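> Any chance you could fold what I've pasted below:
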Amino acid sequence: MEPAAILWVFIAAALLEFSRLGWALEDNCTGTLVSDTLPVLVEQDNIHRHLQRLHGIAHASDGSRMVSSAGHNQTIEYIKNELSNSGYYVEVQKVDEIVPVTGNATLIVDSHPFQIEPIGWSPSANLSNLPIVAVKEYGCHEYDYPEDSKGAVVLVNGRGCPFSHKSVTANRNGAAAMLIYEDEELTSSFGGPSSSYVPSATISTKEIDAMTEDRRTLQIDHLMISAKLQRIHRSECGNDENTLMVGTHTDSASATVGINDNASGIASLLEVATQLTKFRTKSRVKFAFWTAAEPSLAGSKHYIRSADPEELRKLRLYLDVNMVGSPNGALKVYDALKLYHGYEGRRRDIAPPGSVEAQDILKNGFHVQGVDSIMGTGISNRSDYASFYTANIPFAGIFSGANGIKTTEEATQFGGTAGEPYDPNYHQPQDDLSNINMTTLVMNTKALAHAVSTYGKGFDEFRPNAIITGGAWRYTTAVKHSTLIMKA
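Have a look, this model is predicted:
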């Protein structure tokens, strides 16, 4: 089997640098400086062509593009070919790691089935005839757990501390398994393996309400959590000055074609990258295609872990693109002022400086398309921006919704059905070509192109303390439309 890969794309057109002494290197590149024309060039037909190709790749690989599958490897090859045909140079670096690649869960209480989702890195379990015991507070401390937690399935609020901490604490108190109730979008993960976790899954508050209605005590008939680990190979690279990085993930969940999640992000980045070749830029624009995001955000985490500090210093901003064509979606940007506490990753009261400004640039990309108000979605650290947030690198991003519920306000503004999921086929086999709202996808891609053109012209108006993080000289030569992926 060919290795899975993280593909990085560097557009290094006309990089202009200044040292601390104020000396400048000459810009030797020619061509038109990137401008507001870039979003206008975005073509729906090009985006749809990418979706069709990725749909065909998945169907030729048992209906999936999950990491390490033939479908995922062919996805990487497709991205590489598209970029090479646009004049990009591509190299690949391979790295080994074990990640959780599949998982499913079943819960039956008093003969009624309820929908749950396994947490990434959870141990497997097959349990029957156990009581459910509600835990006080947030389950972050051993004293939160009542005596009858021993041998029971504990029910815990999702707030207050990382899920991994809750699972370890539940294990110390003798719990057989843990259900965490929450209403956040995207799949949760412990972030890595541990022998101290109890089998754990998430459940929505809607399911909890249905489960507890007219019941004083709860008895589990059957709880099954299944998890599988697999060794993967992946690729990554990067080393440019004064860089804007734009990223999306390449893999699907195990049981799905993965068109909205996340062929939509791939198609969006490929279209912006292709159109950007018609311009020169003053700053570097790097496109990153991450692998193994579905199970554990492995690609972006590895980059942050292994990159030289000087390389990270050069990253001025990361823009995340995830699920940008949801069929019942809304136009959303990550809200740097709406940080959820108690989830995986580094937790602070504020996002890294510059994040709010970048968020506003993305909003402007929608405003010029005639959208007056853009919704903010909270920071839950469940997409690849989390790796950059942890490293204190400014970030922003676009997202049209996953398994969350569309509000009445969103339905009024963007159309669709209130009270229903943004993507009713999230992680399901039905996430195919019929599961895309092309209007939403094109508008998201144009907003992304607006941000790329803004920062491609430079970071002159970007908050200074988000740029100057060291006293080292910075210099480079001008290289037009190059890509680099380092090979181990």
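> From the centroid of this protein, which residue is nearest?
Note on the chain: the residue nearest the mean C-alpha position is residue 383, at 2.4 Å, using Cα atoms, centre = their mean.
> Could you check the pLDDT of it?
On pLDDT, residue 383 comes in at 84.
> And for residue 40?
Residue 40 carries a pLDDT value of 94.
> Could you say which helix or strand holds it?
helix 37-41 (DSSP states H and E).
> So which elements touch that helix?
Packing contacts for helix 37-41, counted by 3 or more Cβ pairs under 8 Å, 6 or more residues apart in numbering; DSSP states H and E, involve helix 264-276, helix 438-456. (Each C-beta comes from the backbone N, C-alpha and C, glycine too.)
> what's the next secondary structure element after the first one?
Past helix 264-276, further along toward the C-terminus, the next helix or strand under DSSP H and E is strand 284-290.
> Relative to that next one, what are the paired strands and their orientations?
Paired strands of strand 284-290, with direction, are strand 7-11 (antiparallel), strand 243-249 (parallel) (DSSP bridges).
> Report the angle between that strand and helix 264-276.
When axes from the mean of the first three to the mean of the last three Cα atoms, to 10 degrees is applied, the directions of strand 284-290 and helix 264-276 differ by 150 degrees.
> Quick one: mean pLDDT for strand 284-290?
Per-residue pLDDT values across strand 284-290 average out to 84.
> Please apply the same query to stretch 129-146.
Averaging the model's pLDDT scores along stretch 129-146 yields 92.
> cool, and stretch 205-220?
For stretch 205-220, mean pLDDT is 80.
> With stretch 72-79 instead?
Along stretch 72-79, the predicted local confidence has a mean pLDDT of 88.
> first vs last residue of stretch 276-284, how far apart are they?
Its start and end residues considered, stretch 276-284 measures 12 Å (Cα to Cα, to the nearest Å).
> May I see the buried residues of it?
Of the residues in stretch 276-284, those with enough neighbours to count as buried (16 or more other Cβ atoms under 10 Å) are 276, 277, 279, 280, 281, 282, 283, 284.
> repeat for stretch 111-129
Neighbour counts over stretch 111-129 (16+ other Cβ under 10 Å) mark 114, 116, 117, 118, 119, 120, 121, 122, 123, 125, 127 as buried.
> so the last one touches residue 153, yeah?
If I follow you right, that is residue 127. Yes: using Cβ atoms under 8 Å, residue 127 makes contact with residue 153 at a distance of 7.1 Å.
> between those two, what contacts are shared?
Residues within reach of residue 127 and of residue 153 at once, by Cβ atoms under 8 Å, 6 or more residues apart in numbering, are 176, 177, 220, 223.
> Is it possible to get TSV of the residues you listed that adds secondary structure and distance to residue 373?
Formatted as TSV, these follow (DSSP: H, G, I helix; E, B strand; the rest coil; distance: Cβ to Cβ, whole Å):
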residue	secondary structure	distance to residue 373
176	coil	47
177	strand	43
220	strand	44
223	strand	43
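> buried stuff in stretch 300-313?
By neighbour count, with 16+ other Cβ under 10 Å as the criterion, the buried positions of stretch 300-313 are 300, 301, 302, 303, 304, 307, 312, 313.
> Which parts of the stretch 351-488 of the chain are helices?
355-367, 385-390, 408-414, 438-456 (DSSP state H, counting those that start in this stretch).
> comparing those helices, which gets the lowest mean pLDDT score?
Across these, the stretch with the lowest average pLDDT is helix 385-390; it has a mean of 87.
> residues in contact with that one?
Applying Cβ under 8 Å, 6+ apart, the contact partners of helix 385-390 are 245, 297, 300-301, 303-304, 315, 318, 320, 334, 344-346, 351-352, 379, 381, 394-397.
> rerun at 7 Å
Identification of contacts with helix 385-390 by Cβ atoms under 7 Å, 6 or more residues apart in numbering yields 297, 300-301, 303-304, 318, 320, 334, 345-346, 351-352, 379, 381, 395, 397.
> just stretch 172-183 next, same as before
Outside stretch 172-183, the residues touching it (Cβ under 7 Å, 6+ apart) are 116, 125, 127, 130, 142, 145, 149-158, 163, 166-167, 170, 198-205, 208, 223.
> Now, these that are in strands?
With strands defined by DSSP state E, the entries of these inside them are 125, 127, 130, 153-157, 200-203, 223.
> quick one on the thing from earlier: tell me the buried residues within the contacts of helix 385-390.
Buried subset of the contacts of helix 385-390 (neighbour count, 16+ other Cβ under 10 Å): 297, 300-301, 303-304, 318, 320, 334, 345, 351-352, 379, 381, 395, 397.
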